[in-house]
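*Asks:* model this:
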Amino acid sequence: MNAERKIRVLVAKPGLDGHDRGAKVVARALRDGGMEVIYTGLHQTPEQVVEAAIQEDVDLIGLSILSGAHMTIFPRIQELLKENNAADIIVMGGGIVPADDIKKLIDGGYAQAIFTPGTHTGDIVAWIRETVKTKLA
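*Replies:* Numbers count the residues shown, from 1 in each chain. Take a look at the predicted model:
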């Protein structure tokens, strides 16, 4: 990876959930960690998220989901990424996701990581750096 190139992350709030404080805290931490962050705002469809990720040429999509729709949204995002030849974009998530569903999402290849409330933002920054570095190696 070129030392000049910043990691590009799209932070998205898909679905009808209107609570975005956590997404904004993570977005700020990623910026403070030296990443370029594009925040899509509230109420995004999976189609809008994937379109923005492709247009912005991001390395990673971070989905913030508190609505309980994670078992629908993550698979749809992956389906759209594949349809658009963008399956190399890493997908992670955060929010209220039960442990059993986290395992299903990761084991199913729908997300590479899910961070739940209370996760230190420094851990998220470190995970993204390592994951993107491995992808680009």
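*Asks:* Please tell me I have it right and Ile128 contacts Ile61.
*Replies:* No. Ile128 lies out of contact with Ile61 (CB atoms under 8 Å); the separation is 11.1 Å. C-beta here means a position set from N, CA and C on the backbone, and glycine is covered the same way.
*Asks:* Looking at these two, which is more packed in?
*Replies:* Shown here are Ile128 and Ile61; by other CB atoms under 10 Å, Ile61 has more neighbours (27 against 22).
*Asks:* Now the common contact residues for Ile128 and Ile61.
*Replies:* The overlap between the contact sets of Ile128 and Ile61 (CB atoms under 8 Å, 6 or more residues apart in numbering) consists of Val9, Met92.
*Asks:* where along this protein do the helices fall?
*Replies:* Secondary structure of the chain by DSSP state H: the helices cover 21-32, 46-55, 70-83, 99-107, 121-136.
*Asks:* how big is the angle separating the last one from helix 21-32?
*Replies:* Looking back up the chat, that one is helix 121-136. 60 degrees (axes from the mean of the first three to the mean of the last three CA atoms, to 10 degrees).
*Asks:* Just list whatever residues bridge to the residue nearest to Thr119 when sequence neighbours are not counted.
*Replies:* Leaving out its chain neighbours, the residue that sits closest to Thr119 by CB to CB, 6 or more residues apart in numbering is Gly94, at 7.3 Å. Per DSSP bridges, the residues bridged to Gly94 are Ser64, Phe115.
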